[in-house]
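> Next input, structure requested:
(4 chains)
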2 protein chains.
Amino acid sequence: MAYRETEKMRQRKARARQNILECTQECVASGGFRSARITRIAGLAGVATGTIYRHFESREELFAEIFRSATQREVDKVAEALAEPGNAISRLEAALRQFAERALRSPMMAWALIAEPVDPRLEEERLVYRRAYAEHFEHAIRDGIAEGTLPDQDARQSSTCLVGAISESLVGPLSPTLAGQNTLSGDDKHRLVDAILIFCMQGLTGTRR
Amino acid sequence: MAYRETEKMRQRKARARQNILECTQECVASGGFRSARITRIAGLAGVATGTIYRHFESREELFAEIFRSATQREVDKVAEALAEPGNAISRLEAALRQFAERALRSPMMAWALIAEPVDPRLEEERLVYRRAYAEHFEHAIRDGIAEGTLPDQDARQSSTCLVGAISESLVGPLSPTLAGQNTLSGDDKHRLVDAILIFCMQGLTGTRR
DNA sequence: ACAAACAATGAACAATGATTCACTACTTGA
DNA sequence: TCAAGTAGTGAATCATTGTTCATTGTTTGT
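The predicted model follows:
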């Protein structure tokens, strides 16, 4: 016998894999999934196209991994905001704000995750994560009902509506328009987020803040 | 000279074109855009694939036409509901209900129009029509504010949220799941529509009905 | 009946990129 | 240093479908 996989090699491979992931993410963040061609990713990562396939089953699988990690990061942020101290209303408001502000901070990536047309495989992942967001919101809504700060309501339905309302509100501003983009100034973004929140919070509470 | 396009021919061509459109719509309604291959459409229509291209620039263009006519039909229905007599609240409620109920009645077509991943060209059309829905709602919201039945609010933002909330609520139920589907009974559908409406109307009015 | 103009046909083509795989270059333990 | 085993390479291949176009069949006015 001769060659046996050693720790050093394992780490090198892990690093190579990680590097590919990061370059893919960069690619997606700059032009969405569709424009992230294997050749471009390979070029960025400084490896041959074949190498990608030594680390990932397929382009789809690579994308799925990017999608999951990027979205999970966002879901976690929302979960964090909901875990802060305070009543359900303030926590929900903070979480929604977090979601929207982060999306507006990385518009292309957010668009890729939320609204870019993707293959059925990724679309399935997307549905899963939309449910994940909704479940976090749902939990907080139940808290609010229990503590009396929110009127009784179908928490699941309300949470779904929250996800829809905020996504739809962001799709327009996030959509990579023909030429320039970022037509939204910092102030515009702030106003947009506020406006979204007013509708959402009223939908939940039945009162204008 | 010899051949000159005659009325009879014009009509025959128009009929052929219409037939292709109808078959395409049937195709889309049964499996979405993605699965509507030119060969399948041609087969259904009883013509050769090349014939399709005598009537339409390209598959994309054919799809765009289907998309526009199908979506316009829905937009019109919403507009009709909003044009009925009554105050803004009841008209908005009727319009939203109309939208949701019609979607649930033709789930696959609704999914194709609302949520199926499609090419950028169609996605653009989709954005246009989402705006169209929103504008109708927006107008009614302004009416409501003017007549005093709705509190003052950013009508444009609220209308966008309405479109998002209702779409998101429908995506899950409409998504063509692996096997069976139509896991929603008539009663389920009714409950779903009611639940959507409660959130939406509260988002608009600030009161539970 | 005839020729001009057009419609319909459908097999062949084209274009796009993901994926493969025979080969090269390393790494490892003896 | 050597042989076994693995990682990396990238040009060639494959697969999928929309689209073309030379050919065939129809319609029309004389």
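
> so what are the domain limits for chain A?
Here the domain parsing of chain A from automatic domain parsing is A:1-56, A:64-205.

> okay, these, which one's buried deepest?
Ranked by mean neighbour count, the domains of chain A are led by domain A:64-205 with a mean of 18 (mean count of other C-beta atoms under 10 Å in any protein chain shown). For every residue, glycine as well, the C-beta is placed using N, CA and C.

> Could you tell me which residues of chain A lie near chain B?
Applying C-beta under 8 Å from any C-beta of the partner chain, one finds that chain A approaches chain B through A:34, A:117-120, A:123, A:127, A:130-131, A:151, A:153-154, A:157-158, A:160-169, A:171-172, A:175, A:192, A:195-196, A:198-200, A:202-203, A:206-208.

> how about 6 Å then?
A:117-118, A:123, A:154, A:157-158, A:160-161, A:163-165, A:167-169, A:195, A:199, A:202-203, A:206-208 (C-beta under 6 Å from any C-beta of the partner chain).

> Could you identify the helix or strand that succeeds the helix ranked longest in chain A?
In chain A, assigned by DSSP state H, the helix with the most residues is helix A:120-147. Using DSSP states H and E, the next helix or strand after helix A:120-147 towards the C-terminus is helix A:155-174.

> what's that following helix packed up against?
helix A:107-114, helix A:120-147, helix A:186-205, helix B:155-174, helix B:186-205 (3 or more C-beta pairs under 6 Å, 6 or more residues apart in numbering or on different chains; DSSP states H and E).

> Could you tell me the average pLDDT over it, please?
Mean pLDDT, helix A:155-174: 95.

> ok, so what distance separates the residue in chain A that DNA strand D sits nearest to from A:V28?
Relative to DNA strand D, the nearest point of chain A is A:G50 (1.7 Å; C-beta to the nearest atom of the strand). According to C-beta to C-beta, to the nearest Å, A:G50 stands 21 Å off from A:V28.

> and what of A:H139?
A:H139 is 30 Å from A:V28, by C-beta to C-beta.

> now do A:C161
The value you get for A:C161 to A:V28, if C-beta to C-beta is used, is 28 Å.

> what sits against the residue positioned nearest the centre of chain A?
Closest to where the C-alpha atoms of chain A average out (C-alpha atoms, centre = their mean) is A:T71, at 3.6 Å. Residues near A:T71 by C-beta atoms under 6 Å, 6 or more residues apart in numbering or on different chains: A:L113, A:Y129.

> Helix, strand, or coil at it?
Following DSSP: H, G, I helix; E, B strand; the rest coil, the label given to A:T71 is helix.

> Do you know the pLDDT at it?
pLDDT at A:T71 comes out at 98.

> Could you measure from it over to chain B?
16 Å (C-beta to the nearest C-beta, to the nearest Å).

> Next, give phi and psi for A:R37.
Note on A:R37: its backbone torsions stand at phi -80, psi 150 [degrees, to the nearest 10].

> picking that back up, state the distance from the residue nearest to the centre of chain A to A:R130.
A:T71 is 9 Å from A:R130, by C-beta to C-beta.

> which residues make contact with the helix or strand harbouring the residue of chain A closest to DNA strand D from outside it?
Applying DSSP H and E as the criterion places A:G50 in helix A:49-55. Around helix A:49-55, the neighbours that count as contacts under C-beta under 6 Å, 6+ apart are A:R17, A:I20, A:I38, A:T39, A:A42.

> With respect to B:G186, which of these is nearest?
Closest approach to B:G186 among these (C-beta to C-beta): A:I38, at 47.5 Å.

> Excluding sequence neighbours, find me the nearest residue to that closest one.
Leaving aside its chain neighbours, A:I38 sits nearest to A:T49 (5.3 Å; criterion: C-beta to C-beta, 6 or more residues apart in numbering or on different chains).

> for A:E101, same thing?
That would be A:V193: by C-beta to C-beta, 6+ apart, it lies 6.1 Å from A:E101.
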